[in-house]
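In: Predicted model and sequence below, questions to follow.
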Amino acid sequence: MSTLQLAVQKSGRLSDSSLNLIKECGITFPTRIARLKASAFNFPVEFLYLRDDDIPGYVADNVADVGIVGKNVLMEKTDDLEVIKELGFSKCRLSIAVPREFDYQGVKSLEGLNIATSYPKILSDFLKDNGVSADIHEISGSVEIAPSIGLAEAVCDIVSTGSTLVSNGLLEVQVVMKSEAVLVARPGLSGAKREILDQLLFRINAVQAANSNKYILLNAPNKAIANITELLPGMRSPTVVPLAQEGWSSLHSVVKEDDFWEVIENLREAGAEGILVIPIEKMVL
Ligand code: PRT
Ligand code: ZN
């Protein structure tokens, strides 16, 4: 029987969210990841626990079939892989930052500067696209201290909250790319392995849809049903069930997490009462 080899980060910012996603897909596996490899108990997948930097190369070289890695690392390491799915966690951006007192007037201000980064390929492509020529100084960690120790005049580094830059006297002036965890595969993965990947994707889609939607139940006078139905985009149209009380109904539907508060306000104005909002476990569209 065929098995899909899935490379995930052994320990770091991607690890917990990657393994949580797998768990939410109903896939169980040994919890201790002291080993390099582990097989799932109930799904034909084998995990390879690796450093994130090695994941694109291992997938490209056929050691693993698919992997979960930050888009920033993927773009830096290889152009040879296919992004199968954006996973929506470990979101961050790769940005250029300069010392606070620097008079930044746009990308042209980077001309001739020495820029420290762990992402020389992405930075070099970005500078080329913008017609800027600058010196790239590659360092593997603590990029944010480079200007204060005189190693560089600017940095290009991963930013999440921005507090690391601020505490090093730096100002984020240019987003080079936005990143999040992605599921990647070798192009042309076929046969049994492709089938397993498709099953995994089906589950990931159901988990993501469930996480970004809520089930909503509410009571409303029958005369308000038409208006309320307009406000509930739902999957098709709301389920309407009569209440024991004459002239009233219960409506059931699904709302997007992002629209949630706005929808609730509008529903109340339209006459909805007793609104219940419930998390969805899985959602198959
Ligand atoms: O050991 P291994 O090589 O596997 O891991 P690693 O240390 O290289 O990577 P890790 O675990 O730190 O990050 C893995 C991935 O998480 C990155 O490639 C990004 O895709 C993503 N990610 C999300 C981040 C951050 N947020 C983040 N904040 N990666 C790094 N940071 C660092 C950043 O380098 C900077 O030092 O956090 C600092 C900035 O954070 P803020 O919040 O102060 O802006
Ligand atoms: Zn790394």
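Out: That came through, no problem. Residues are numbered from 1 along each chain as shown. Ligands and ions are numbered 1, 2, ... in the order given.
In: Tell me how far the longest helix seen in the chain lies from the chain's centre.
Out: Counting by DSSP state H, the longest helix found in the chain is helix 191-211. Centroid separation for helix 191-211 versus its chain: 16 Å, with Cα atoms, centre = their mean, to the nearest Å.
In: buried set for that helix?
Out: In terms of neighbour count (16 or more other Cβ atoms under 10 Å), helix 191-211 has its buried residues at 193, 196-197, 200-201, 203-211. Placement of C-beta: from N, CA and C, glycine included.
In: One more: stretch 170-179?
Out: Buried, per 16+ other Cβ under 10 Å, within stretch 170-179: 170-174, 176-177, 179.
In: just stretch 26-40 next, same as before
Out: 27, 29, 33, 38, 40.
In: just stretch 179-187 next, same as before
Out: For stretch 179-187, by 16+ other Cβ under 10 Å, it's 179, 181-186.
In: got a list of what the spatially most central residue of the chain touches?
Out: Among the residues of the chain, the one closest to the centroid is Gly88, at 2.1 Å (Cα atoms, centre = their mean). By Cβ atoms under 8 Å, 6 or more residues apart in numbering, the residues touching Gly88 are 180-181, 208.
In: returning to that earlier point: of the buried residues of stretch 170-179, which pair is most distant in space?
Out: The span of those, defined through Cβ to Cβ, is set by Leu171 and Ser179 at 20.2 Å.
In: how near is the spatially most distant residue from the centre of the chain to Gly141?
Out: Distance from the C-alpha centroid of the chain peaks at Glu246, with 47.5 Å (Cα atoms, centre = their mean). Distance of Glu246 to Gly141, given as Cβ to Cβ, to the nearest Å: 70 Å.
In: for ligand 1, what are the nearby residues on the stretch 1-150 of the chain?
Out: 9, 12-14, 51-53, 70, 72-73, 90, 92 (Cβ under 6 Å from any ligand atom).
In: Turn the contacts of Gly88 into JSON lines, including distance to Ala60.
Out: Shown next, in JSON lines, are these (distance: Cβ to Cβ, whole Å):
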{"residue": "Glu180", "distance to Ala60": "20"}
{"residue": "Ala181", "distance to Ala60": "18"}
{"residue": "Gln208", "distance to Ala60": "26"}
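In: Which of the residues you listed scores worst on pLDDT?
Out: Ranked by pLDDT, those bottom out at Gln208 (95).
In: Who are the contact partners of that one?
Out: 87-88.
In: did I read that right, Glu230 in a helix?
Out: Yes: according to DSSP: H, G, I helix; E, B strand; the rest coil, Glu230 belongs to a helix.
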